[in-house]
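> could you look at this predicted model? Sequence included:
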Amino acid sequence: MAKTSLIKEFTKGIVKENPVLCLVLGTCPTLAVTTSASNAIGMGVAATAVLVCSNAVISLLRKFIPDKVRIPAYITIIAGFVSVVQMLVKAFAPAINDSLGIYLPLIVVNCIILGRAEMFAGKNPVLPSILDGLGMGVGFTAALLCMGIIREFLGSGSLFGVQLMPVQILIFILPPGGFFVFGMLIMLANKLNSRAGKKVKTSPCDGCPISENCSTKTCEKTVKEAAANAD
Amino acid sequence: MLIKSLVAVFLAAILTENYVLSKFLGICPFLGVSKKLNTAVGMSVAVTFVMVLATAVTFPIYMYLLVPMGMEYLQTVLFILIIAGLVQLVEIILRKYIPALYNSLGIYLPLITTNCAVLGVTMLVLQKVDSTTAYAYTYGHALVNAFGAGIGFLVAMVMFAGVRGRLESADIPKSLKGLPITLVAAALVSLSFLGFAGFVDKLIPLS
């Protein structure tokens, strides 16, 4: 029984709760680095490494971090691991470092990582947290790879740098192509989800870890409070 | 020459290198808060303010503290902590001394800590300092760049809020409803910004 639930923690991130396509988290790197399939894998692996390590450490420290300062504490832990990954990539894969550029240090503000810390690792033991991180990381990588393959194939007519098509539709590797392909993929995910009778996510705020403190919700709350006070 | 290059940096940050539409930074607030015009403007003003403030603090710290001591690797950790601290500080000061401003902008502040556009602006500008392009960035350029990036964010948000207003009343196929059609609309808005490519270089030749 325990074993099957552990497997479930791992697999839920890949399909059912895919962080990119179902929870719509981490949109910035999804759009920015998917101009080629190899970039997508580089980003996915780097983010997975940070996710697994930070999930493990946060889960170990969950009883020691006071509730009030947990978000700053999580961000510091995540930033530490991002620096480590950044140095490793710079040393062993300088080509990936060059192509990911600024988006490598920006893993620190990737909402998937903070989201998993807040929603899972801060409340669960170490082993499930590691598996959750691994599953979410693999799901993130898979979604990125999917985008990367589509955009590289259509935009530069190649796959992993191997030229396959003589025709190139440049727009797909430019920013508008990123938005468009991502929109189409979410449409596909929505279609499959609604056929399976599941709730369809319509706003990027639904899965956002800090949506509780977020402007739209706070706005509604303030309006409601003001109305209540007026009564 | 200095003023010319400052204007070029400002225009480039708004039009050709728009942080949202061509660098994909700050997509979450761009998609999440752009439903209504007033929230879009409030969010953008808060982002602009934090961007300029964060650059004003992080740029000298990096240049005069981290580089001489050879500790550039601390950049990520230090910058995110500085930004988080600054945002908290601004929130406290606004709440205490300028409650009117706090009520209109303060609600957006907690959201900005994890906004990748703010961290992106402070980090990207450092790459341009030692680049071998037409001109090297100084502290002034960095501040103007941050301000331009914020204004660029405002322009993109306001334009997109207009587009989304139209989408509300449109007849959209069921599975495209919500996020997918928003992304397709974003693709079209970003396409229109591609038209500015090369615009700044032609307008203000620097060499």
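That came through fine. Numbers count the residues shown, from 1 in each chain, chains lettered A, B, ... in the order given.
> kindly list the longest helix within the chain.
Picking chain A for this. Determined from DSSP state H, the single longest helix within chain A is helix A:126-156.
> could you do chain B instead?
Looking across chain B with DSSP H, the single longest helix is helix B:139-168.
> contacts for stretch B:78-91 next, please.
A:72, A:75-76, A:79, A:108-109, B:49-50, B:53-54, B:57-58, B:61, B:66, B:102, B:106, B:109-110, B:112-113, B:118-119, B:122-123 (CB atoms under 8 Å, 6 or more residues apart in numbering or on different chains). (C-beta placed from N, C-alpha, C; glycine too.)
> buried ones among those residues?
Judged by neighbour count, with 16 or more other CB atoms under 10 Å in any protein chain shown as the criterion, the buried members of the contacts of stretch B:78-91 are A:72, A:75, A:79, A:108-109, B:49-50, B:53-54, B:57-58, B:61, B:66, B:102, B:106, B:109-110, B:112-113, B:118-119, B:122-123.
> among the contacts of stretch B:78-91, which are in helices?
Cross-referencing the contacts of stretch B:78-91 against helices under DSSP H gives A:72, A:75-76, A:79, B:49-50, B:53-54, B:57-58, B:61, B:102, B:109-110, B:112, B:118-119, B:122-123.
> burial of residue A:172, as a residue count?
Neighbourhood size, residue A:172 [other CB atoms under 10 Å in any protein chain shown]: 20.
> where in chain A is pLDDT low?
For chain A, the stretches with pLDDT under 70 are A:1-2, A:197-231.
> in it, which spans are strands?
Secondary structure of chain A, counting by DSSP state E: strands at A:158-159, A:162-163.
> compare the ones you listed and give me the one nearest chain B.
Taking CB to the nearest CB, strand A:158-159 is the member of the strands of chain A nearest to chain B, at 21.9 Å.
> could I get the full set of helices for chain A?
Secondary structure of chain A by DSSP H: the helices cover A:2-12, A:27-32, A:37-60, A:70-92, A:94-100, A:111-116, A:126-156, A:175-195, A:215-230.
> which helices and strands sit right next to the first one?
Identification of packing neighbours for helix A:2-12 by 3 or more CB pairs under 8 Å, 6 or more residues apart in numbering or on different chains; DSSP states H and E yields helix A:126-156.
> quick one: list the elements packing against the helix it packs on.
Taking 3+ CB pairs under 8 Å, 6+ apart as the contact definition, the neighbouring helices and strands of helix A:126-156 are helix A:2-12, helix A:27-32, helix A:37-60, helix A:111-116, strand A:158-159, helix A:175-195.
> OK, contacts around the residue nearest to residue A:6 when sequence neighbours are not counted?
The shortest distance from residue A:6 to any residue other than its chain neighbours is 5.8 Å, reached at residue A:131 (CB to CB, 6 or more residues apart in numbering or on different chains). Contact analysis of residue A:131 by CB under 8 Å, 6+ apart lists A:6, A:9-10.
> buried subset of these, written for ChimeraX?
To isolate the buried subset of these in ChimeraX, counting by 16+ other CB under 10 Å, use the following:
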select /A:9,10
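> and which of the contacts of residue A:131 is nearest chain B?
Using CB to the nearest CB, the shortest approach to chain B within the contacts of residue A:131 belongs to residue A:9, at 24.7 Å.
> burial of the closest residue to residue B:66 other than its chain neighbours, as a residue count?
Once its chain neighbours are removed from consideration, residue B:66 has its nearest residue in residue B:72; the separation is 5.5 Å (CB to CB, 6+ apart). By other CB under 10 Å, the residues close to residue B:72 number 11.
> so residue B:72 sits right up against residue B:61, yeah?
No. Applying CB atoms under 8 Å, one finds residue B:72 not in contact with residue B:61, separated by 11.6 Å.
> so chain A: which segments form each domain?
For chain A, whose domains are defined here by automatic domain parsing, the residue ranges read A:2-200, A:201-231.
> for those domains, which one ends up most surrounded?
domain A:2-200 (a mean of 19; mean count of other CB atoms under 10 Å in any protein chain shown).
> relative to residue A:173, how far out is the residue lying closest to residue A:40 once chain neighbours are set aside?
Spatial nearest neighbour of residue A:40, chain neighbours left out: residue A:148 (3.1 Å); criterion: CB to CB, 6+ apart. For residue A:148, the distance to residue A:173 under the criterion CB to CB, to the nearest Å works out to 10 Å.
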